[in-house]
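whatever this is, show me its structure:
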Amino acid sequence: MYLMEGKTIMNYQNFNAKTIDSWCDSGWEWGKSITHEEYNNAKNGKWNVLLTPTKYVPHEWFGELRGKNLLGLASGGGQQIPIFSALGACCTVLDYSTAQCDSERLLADKEGYEVNVVQADMSKALPFDDETFDIIFHPVSNCYVEEVKPIFKECYRILKKGGILLCGLANGFGYIFDETECNIKYKLPFNPLKDPVAYEDSIKNDWGITFSHTIEEQIGGQLEAGFVLTNLYEDTSGSGMLHEYNVPTYIATRSIK
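Residues are numbered from 1 along each chain as shown. Here you go, the predicted model:
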C-alpha cells in the first residue's frame with residue numbers, strides 16, 4: 001500500500017495490469033498478435049523478434065530452439081511466443097494482463113499449437129520450480145516494477161545451468177523529459193509512488209505507474225544474481241524526438257547461468 005498526497009494506491013501492479021488491458025482494447029502496438037502469414041513464415045525458418053522497440057534480436061543469441069523449454073516473462077500478446085512455438089520450443093508465457101494472456105490462448109487455438117499461459121505478477125516469486133527453463137525471453141517490461149533485482153534472482157533460480165536470459169531494458173534516460181521529449185521535467189529516479197508530480201502526470205497521460213531503473217540495477221542486478229553477461233546492444237524508442245536524434249534509450253542483454 002502506498003500513500004500519495006492523501007490518496008491510497010492499493011497495489012500498483014493490479015493498476016498496471018488493468019491499464020495494459022485498456023491499451024490492448026485501444027489497439028496498443030505491443031498488444032497485437034502476429035498474423036497467420038508471420039506464423040507460417042516462422043515455421044519455414046523466416047522470423048524475427050524484438051526485445052526492444054526497433055532492433056531484431058540476433059538469431060545466434062538463441063541457439064537451437066527446438067525442444068527447449070522457453071519462458072516468455074511478461075511477454076504476452078501473441079507476438080514472440082507463437083514464433084518460438086513455430087520453431088519447436090516448448091513455451092510458457094507469464095503475464096499479468098488478462099488481455100495479453102487471452103491473445104496468447106486465442107492465437108494458439110487458431111494455429112493449433114500448445115502453450116502454457118500463466119497469469120501472474122513477475123514482481124512476486126515466480127510460480128515455477130528450480131531449473132525449469134532453458135531460455136527466458138524478457139522484453140521491455142520491468143519499467144512497470146519498482147524493484148527489479150528480485151526478478152533477476154528469480155530468473156537465475158528457474159533457469160537450468162547454462163540457460164540463457166534475454167532481456168530488453170530501458171536505460172532511464174527518457175524519463176527526465178515531459179511528454180514532448182523537448183523539455184527536461186523530472187529528476188531521476190522516476191518513481192510516481194514517491195513523486196506527486198510524476199504520479200499526477202502518469203495518471204493524466206495514461207502512462208500507467210512506471211519506474212526508471214539504472215544500468216547498475218539492471219545489468220548489475222543480473223551479475224549479482226550470478227549471471228554472466230555475454231552480449232548486448234542499444235536501441236531507440238522507435239518514435240518521438242529522442243528517436244529522431246538517434247538517442248539510445250534501451251538496451252538488450254544476453255546473459256547465461
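
low-confidence stretches in the stretch 1-150 of the chain?
Along the stretch 1-150 of the chain, segments meeting pLDDT under 70 span 1-10.

which residue ranges form the strands in it?
With DSSP state E, counting those that start in this stretch, the ranges of strands along the stretch 1-150 of the chain come out as 2-4, 7-9, 69-73, 90-95, 116-119, 133-138.

please list the residues outside the fifth one that contact it.
With CB atoms under 8 Å, 6 or more residues apart in numbering as the test, strand 116-119 has contacts from 76, 91-96, 98, 101, 104-105, 108, 127. All C-beta atoms are positioned from the backbone trio N, CA, C, and that covers glycine.

out of the strands of the stretch 1-150 of the chain, nearest to W23?
strand 90-95 (13.0 Å; CB to CB).

CA atoms of stretch 88-95 as CSV?
Extracted in CSV, the C-alpha atoms of stretch 88-95 (Å, rounded to 0.1, in the frame of the first residue of the first chain):
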residue,chain,number,x,y,z
GLY,A,88,9.8,-26.1,-32.0
ALA,A,89,10.2,-24.6,-28.5
CYS,A,90,8.0,-25.8,-25.6
CYS,A,91,6.6,-22.5,-24.5
THR,A,92,5.3,-20.9,-21.3
VAL,A,93,4.2,-17.3,-21.1
LEU,A,94,3.7,-15.3,-17.9
ASP,A,95,1.9,-12.0,-17.9
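
will you turn the contacts of strand 116-119 into JSON lines that also has neighbour count and distance to Q222?
Converted to JSON lines, these look like this (neighbours: other CB atoms under 10 Å; distance: CB to CB, whole Å):
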{"residue": "G76", "neighbour count": "31", "distance to Q222": "22"}
{"residue": "C91", "neighbour count": "30", "distance to Q222": "22"}
{"residue": "T92", "neighbour count": "20", "distance to Q222": "21"}
{"residue": "V93", "neighbour count": "30", "distance to Q222": "21"}
{"residue": "L94", "neighbour count": "23", "distance to Q222": "18"}
{"residue": "D95", "neighbour count": "27", "distance to Q222": "21"}
{"residue": "Y96", "neighbour count": "24", "distance to Q222": "22"}
{"residue": "T98", "neighbour count": "15", "distance to Q222": "29"}
{"residue": "C101", "neighbour count": "21", "distance to Q222": "26"}
{"residue": "E104", "neighbour count": "27", "distance to Q222": "26"}
{"residue": "R105", "neighbour count": "14", "distance to Q222": "31"}
{"residue": "A108", "neighbour count": "20", "distance to Q222": "30"}
{"residue": "P127", "neighbour count": "10", "distance to Q222": "21"}
